[in-house]
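got a structure for you, letters missing:
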């Protein structure tokens, strides 16, 4: 029993030693000053929430209320919070523990004496005492006001002692105050308080657009051309370019570009996918029923058929030989041979019909795909 316990403890120790490297990395991450203080405060606030209904255990409750501080500010509650402080933190847990140890006296002072007049621990500890954060919408060493980004961006350094207070605009917005649309977006709505920027059509190139759709493009991207009526329209490189792909490839037009796919192995050049789209059959293949088919496969099938028929003939001859010596045995052998031949032929015919149906279905799918592609074009 003792050996089992030792073995389990060894496994647990080994598992702890090879803990997920990413978790260990996150745990030991050093956070920026303001972020670290914010994480510590959030963890302490969780502790306050977790213990807000607690009371002293045992004794005369009335005496406790008179002689001791209320549980809200008691040392018992503070110790309970400290015991689990930072344990739920995933990234920067070690830094959180270090910060809590370094500033335990400040946190205890707020908990004991400042809660009523300074209800926000973050504002009291991180902004006023440690001076590592700023109030919202301010930045820098002296907590200057941020630039107004009109709700379309974020102030660099907002709420910290870092940054320059300038706007980092959201995608699609531009300008010092993020009150303009960037080159690849157009203004779809604006009033006194709100601006909405919408992406230009995918065909629009440098210069962007002045509205929705390909007609509003100022200039077309590569793979598109400007049409006086429709605006930017897709260029079908497969038609416009004589040699868009290599000889053993076929061209597929995409919106704004094209792709080159490999021909079927039975083809020597092709216009599409499959053995029925060959310009010419490759060596070892012959055109039959509109497809390039493998000659070696056909020859092999012929040999198999001849061999099968010879086998049937040999079995019939053997039955006749047996018939001369024993009529009863010949009937049994003949019946078995007949059943074998019938079953074999039925199975072969069924397999051939299934294969033919699959080929027809594939051909129908190819025709349908081609029709859909032409409709899209």
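Nice, I can see it. Here the structure is a predicted model, which is why all the values come from computation and not from measurement.

list the buried residues of stretch 277-297.
Using 16 or more other CB atoms under 10 Å as the test for burial, stretch 277-297 gives 277-278, 281-282, 285, 291-294. Where you see a C-beta, it was placed from the backbone N, CA and C, and this is true even at glycine.

show me where the stretch 251-377 of the chain has its strands.
Along the stretch 251-377 of the chain, counting by DSSP state E, counting those that start in this stretch, strands occupy 257-262, 285-288, 291-294.

what would those strands look like in TSV with distance to residue 221 and mean pLDDT?
As requested, the strands of the stretch 251-377 of the chain are exported to TSV (distance: least, CB to CB, whole Å; pLDDT from 0 to 100):
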stretch	distance to residue 221	mean pLDDT
strand 257-262	10	93
strand 285-288	41	89
strand 291-294	39	90
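
re earlier: list just the nearest of the buried residues of stretch 277-297 to residue 134.
residue 277 (68.0 Å; CB to CB).

quick check, that closest one in contact with residue 264.
Yes. Counting by CB atoms under 8 Å, residue 277 touches residue 264, with 7.3 Å between them.

any shared contact partners between those two?
Both residue 277 and residue 264 are in contact with residue 270, where contact means CB atoms under 8 Å, 6 or more residues apart in numbering.

what about the stretch 1-150 of the chain, any weak spots by pLDDT?
Applying pLDDT under 70 to the stretch 1-150 of the chain flags residues 1-19, 53-70.

correction: the stretch 201-350 of the chain
Using pLDDT under 70, the stretch 201-350 of the chain drops low at 297-305, 308, 310, 312, 319, 321, 323-324, 330-331, 348.

helices of that one, residue ranges please.
Taking DSSP state H, counting those that start in this stretch to define them, one finds helices in the stretch 201-350 of the chain at 237-240, 295-325, 327-376.

for the shortest one, packing partners?
Taking 3 or more CB pairs under 8 Å, 6 or more residues apart in numbering; DSSP states H and E as the contact definition, the neighbouring helices and strands of helix 237-240 are strand 249-254, strand 257-262.

which of the residues in the first one are buried?
Of the residues in strand 249-254, those buried under the neighbour-count criterion (16+ other CB under 10 Å) are 250-253.

farthest-apart pair in those residues, please.
250 and 253 (11.0 Å).

so which elements touch whichever strand or helix holds residue 46?
In this structure, residue 46 sits in helix 33-50 according to DSSP states H and E. Secondary-structure packing of helix 33-50 (3+ CB pairs under 8 Å, 6+ apart): helix 75-83, helix 93-102, helix 121-122.

and the second one, what does it pack onto?
In other words, helix 93-102. Contact analysis of helix 93-102 by 3+ CB pairs under 8 Å, 6+ apart lists helix 21-27, helix 33-50 as its packing neighbours.

circling back to that earlier point, could you point out which of the helices and strands packed on helix 33-50 sits nearest residue 32?
helix 93-102 (9.9 Å).

any idea which helix or strand comes after that closest one?
Following helix 93-102 in sequence, per DSSP H and E, is helix 104-109.

show residues contacting that next one.
Contact with helix 104-109 is made by 44, 78, 82, 100, 121, 125, 129-130, as judged by CB under 8 Å, 6+ apart.

dump the residues you listed into TSV; add neighbour count as well.
Formatted as TSV, the contacts of helix 104-109 follow (neighbours: other CB atoms under 10 Å):
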residue	neighbour count
44	23
78	19
82	17
100	16
121	20
125	25
129	17
130	19
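
widest-spaced pair of those residues?
Spatial extent of these (CB to CB) is set by the pair 78 and 130 at 19.2 Å.

hang on, the earlier thing: switch the buried residues of stretch 277-297 over to TSV; also include distance to residue 164.
Formatted as TSV, the buried residues of stretch 277-297 follow (distance: CB to CB, whole Å):
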residue	distance to residue 164
277	61
278	65
281	70
282	66
285	70
291	69
292	68
293	72
294	71
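
and residue 266, what does it touch?
Counting by CB under 8 Å, 6+ apart, residue 266 has contacts 275, 278, 281-282, 285, 291-294.

mind doing that once more with 7 Å?
For residue 266, the contacting residues are 275, 278, 281-282, 285, 292, by CB atoms under 7 Å, 6 or more residues apart in numbering.

any idea which element residue 187 lies in?
Assigned by DSSP H and E, residue 187 belongs to strand 185-190.

burial measure for residue 212, as a count.
Using other CB atoms under 10 Å, residue 212 is surrounded by 13 other residues.

could we number from 28 for the rest of this?
Taking 28 as the first residue, the last one we looked at is residue 239.

that one: what's it in contact with?
The contact partners of residue 239, by CB under 7 Å, 6+ apart, come to none.

quick revisit: and of the buried residues of strand 276-281, the nearest to residue 214?
Nearest to residue 214 among the buried residues of strand 276-281: residue 280, at 33.2 Å, using CB to CB.

ok, that closest one to residue 294 distance?
Going from residue 280 to residue 294 by CB to CB, to the nearest Å gives 20 Å.

what about residue 210, which SS state?
When states are read from DSSP: H, G, I helix; E, B strand; the rest coil, the local structure at residue 210 comes out as coil.

would you confirm that it contacts residue 235?
Yes. Contact criterion CB atoms under 7 Å: residue 210 and residue 235 qualify, at 4.2 Å.

which one's more surrounded, the two?
Of the pair residue 210 and residue 235, residue 235 is the one with more neighbours under other CB under 10 Å, namely 19 against 13.

tally of neighbours for residue 113?
Residue neighbour count, defined by other CB under 10 Å, stands at 22 for residue 113.
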